[in-house]
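Engineer: need a 3D model of the following:
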Amino acid sequence: MKAILLDGSNLNDKTGERVRSALTETLQSKGWEVELIVLRDKKIGHCAGDFFCWVRTPGMCNVNDDNREISSAIVNSDLMIYLTPVTFGGYSSELKRIVDHQIQNISPFFAKVEGETHHQPRYTRYPDFLAIGWMDAPNPRAEAIFRHLAHRNAINFYALKSTYGLMFASQSEAELRTQAESWLESIKHGTNSLKSTLPETSLIPIKSAIVPRRAVLLVGSPRTTKSTSNSLGSYLMDKLAEGDVETEIIQVYTSLNSPEKMQLLFDKLDAADLAVLAFPLYVDNLPAPVIKLLERIAVHRAGHPTQTRFAAIANCGFPESAHNATALAICEEFSRQSGFSWAGSLSLGAGEGLV
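Structural biologist: Numbering: from 1, shown residues only. From the prediction side, this is the model:
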């Protein structure tokens, strides 16, 4: 039996090191062959959203970096394990880089799963799935989102058996090992259901809403100005501009690697009354670079809550817009943790067909 551990922890994450060690030793004691992949040490480019892995080189990403070997190892394993700090209820940007590339392991064609549209499997078998996250302290909202995300991934990855694990920095080594045992027992017997309800949204009361004077749009698509996300967000900005709102549009993908552009982004956010994030759905979640941006914004705003409102627009290629629900819950949790006021979201299905 082979288990592949996809470690999405950040450098010097002591809690992550403890979780990884306890799980690895528990697996090996039960006779598992363990392949550990520390993702921050790998060369994994961001998914370009070009779908070449579906139409040009079926089953293989167009970019020849470590993502190809890792995706192959996943399909040829018996158990796939995600290790990640819980980030606004979701995965870290380090883990999400390889999660985004897992679309090469499924088919572009559609199928109905329990009455809902999903992609067909590309292969006859897939590994079981275990998602393990850790937090500094309990957060019921983030925990519920994490469970829901893992459940959605299990459906789309065609895992016959799946479960999740959550632990906290204060837990002892003995507690960690006991949990690791229970996680593996759940996988072995398929006894632990991942199904979870997302937390209820909490919006600003309408009567207290103030018309914004400055609004900034963050476009979270690799296709930048040619994307569905840009089309939807720009339409909103145009309508706001008609009401004498000063607007600004910033492309996430072209800003992340430029210190000057990132500082400009922070400055525009700090000055705005309303921030809007528009993004495409990538494997039940936000794209990895967008998560990276949210991580940076959270650090930038730490300890400085404002009255700035934050809203999100998500679009997916499935006909049902409900696929966006988990990603939008992550956006709301980000808003709460980063000192924004959550102004709501717009969820759209049918992707480019709608635009």
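
Engineer: distance check, the nearest residue to K42 once chain neighbours are set aside against S107.
Structural biologist: Leaving aside its sequence neighbours, K42 sits nearest to D66 (C-beta to C-beta, 6 or more residues apart in numbering; 4.2 Å). To be clear about C-beta, it is placed using only N, CA and C from the backbone, and glycine gets the same treatment. Going from D66 to S107 by C-beta to C-beta, to the nearest Å gives 23 Å.

Engineer: before we move on, what about F310?
Structural biologist: 36 Å.

Engineer: those two: which has the busier surroundings?
Structural biologist: F310 (25 against 15; other C-beta atoms under 10 Å).

Engineer: next structured bit after the host helix or strand of that one?
Structural biologist: Element membership for F310 (DSSP states H and E) is strand 309-315. For strand 309-315, the following helix or strand on the C-terminal side (DSSP H and E) is helix 325-337.

Engineer: which parts of the host helix or strand of S21 are buried?
Structural biologist: According to DSSP H and E, S21 maps onto helix 14-29. Within helix 14-29, the residues scored as buried using 16 or more other C-beta atoms under 10 Å are T15, G16, R18, V19, R20, A22, L23, T24, T26, L27.

Engineer: with stretch 82-90 instead?
Structural biologist: Y82, L83, T84, P85, V86, T87, F88, G89, G90.

Engineer: what does stretch 309-320 give?
Structural biologist: Buried, per 16+ other C-beta under 10 Å, within stretch 309-320: R309, F310, A311, A312, I313, A314, N315, C316, G317, F318.

Engineer: how close does the fifth one get to L166?
Structural biologist: Right, I313. 29 Å.

Engineer: do the third one as well
Structural biologist: As defined by C-beta to C-beta, A311 lies at a distance of 28 Å from L166.

Engineer: just the last one next, same as before
Structural biologist: Going from F318 to L166 by C-beta to C-beta gives 28 Å.

Engineer: do I have it right that P212 meets D273?
Structural biologist: Yes: between P212 and D273 there is a contact under C-beta atoms under 8 Å: 3.7 Å.

Engineer: overlap in contacts, the two.
Structural biologist: Taking C-beta atoms under 8 Å, 6 or more residues apart in numbering as the criterion, P212 and D273 both touch R309.

Engineer: what pLDDT is listed against the closest residue to K188 other than its chain neighbours?
Structural biologist: Nearest residue to K188 in three dimensions, chain neighbours excluded: K161, at 7.9 Å (C-beta to C-beta, 6+ apart). Note for K161: predicted pLDDT of 93.

Engineer: buried ones in stretch 211-224?
Structural biologist: P212, R214, A215, V216, L217, L218, V219, G220, S221, P222, R223.

Engineer: so which of those residues belong to strands?
Structural biologist: Counting by DSSP state E, the buried residues of stretch 211-224 place R214, A215, V216, L217, L218, V219 in strands.

Engineer: quick check: bridge partners of the last one?
Structural biologist: In other words, V219. Beta-bridge pairing for V219 (DSSP bridges): Q251, A278.

Engineer: just checking, it touches L232?
Structural biologist: No: using C-beta under 8 Å, V219 makes no contact with L232, being 9.3 Å away.

Engineer: G303: what secondary structure?
Structural biologist: Secondary structure assignment for G303 (DSSP: H, G, I helix; E, B strand; the rest coil): coil.

Engineer: residue contacts, the residue most central in space within the chain?
Structural biologist: Nearest residue to the geometric centre of the chain (C-alpha atoms, centre = their mean): N285, 3.8 Å. Residues near N285 by C-beta under 8 Å, 6+ apart: G90, Y91, K96, V99, L149, I291, T326, A327, I330.
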